[in-house]
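J.: What follows is a predicted structure for the sequence shown.
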Amino acid sequence: MFCSFVFLPEWFKDIKDLAETVEHFGVVVAAAWGLYVYRRDVEEKRLNWIRKLWTRYYMDNSFKDVRADIIWKQKNITHLKKLAEMDTASDEDIYRMIAIDNYLNFFEFIALLKQRHQLKIEEVEQMFGGTLDELCERDDIRSYLADNGYTRILMNS
């Protein structure tokens, strides 16, 4: 049998203890680095989401028409829905209502992301605060939101 540690000099045991300490320190540093990389990647993905949401909202042509109708022109959303539900409704009226529902579904999704802490409240306010305020201040829109199940928008207003 090979000689045991009993016959090794005392300084060798100290080196062994030092090596174990360095190993433990290395594990802690590796774990901290892994956490840093994970958080950086999560933040990068979240910022990418925000960029895509901003682009979709402000650059997508379908939302431009809806914003023009209900925000800038102050068209009554309840009146638009009644027009779309009439038997004599034109295709334009029906498509306008579909576009409005898509628009509101976008904000329902934003509210869901905010509720699940995927978006920070400050970010939502900075990007969409004025529009959300406008949506929730108008009685016709609040009524439409409540009647058609857009509860997250109402809760987050």
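T.: Okay, I see it.
J.: Any stretches of this structure with poor pLDDT?
T.: Within the chain, the segments meeting pLDDT under 70 span 1-12, 156-157.
J.: Show me how it divides into domains.
T.: Segmentation of the chain into domains, based on automatic domain parsing, reads 9-45, 60-155.
J.: Go through the ones you listed and pick out the most buried.
T.: domain 60-155 (a mean of 15; mean count of other C-beta atoms under 10 Å). Heads up, the C-betas are built off the backbone N, CA and C, glycines and all.
J.: how long is that one end to end?
T.: Separation of the first and last residues of domain 60-155 by C-alpha to C-alpha, to the nearest Å is 26 Å.
J.: do stretch 81-93 as well
T.: So stretch 81-93: terminal residues 8 Å apart, C-alpha to C-alpha.
J.: Show me what the strand or helix carrying residue 94 is packed against.
T.: Using DSSP states H and E, residue 94 sits in helix 91-115. Applying 3 or more C-beta pairs under 8 Å, 6 or more residues apart in numbering; DSSP states H and E, one finds that helix 91-115 contacts helix 10-59, helix 61-66, helix 77-85, helix 121-137, helix 151-155.
J.: Can you add distance to residue 112 and give these back as CSV?
T.: As requested, the helices and strands packed on helix 91-115 are exported to CSV (distance: least, C-beta to C-beta, whole Å):
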stretch, distance to residue 112
helix 10-59, 12
helix 61-66, 18
helix 77-85, 21
helix 121-137, 11
helix 151-155, 6
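J.: that older thread, take the domains of the chain and lay them out in TSV including distance to residue 51.
T.: Converted to TSV, the domains of the chain look like this (distance: least, C-beta to C-beta, whole Å):
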stretch	distance to residue 51
domain 9-45	11
domain 60-155	10
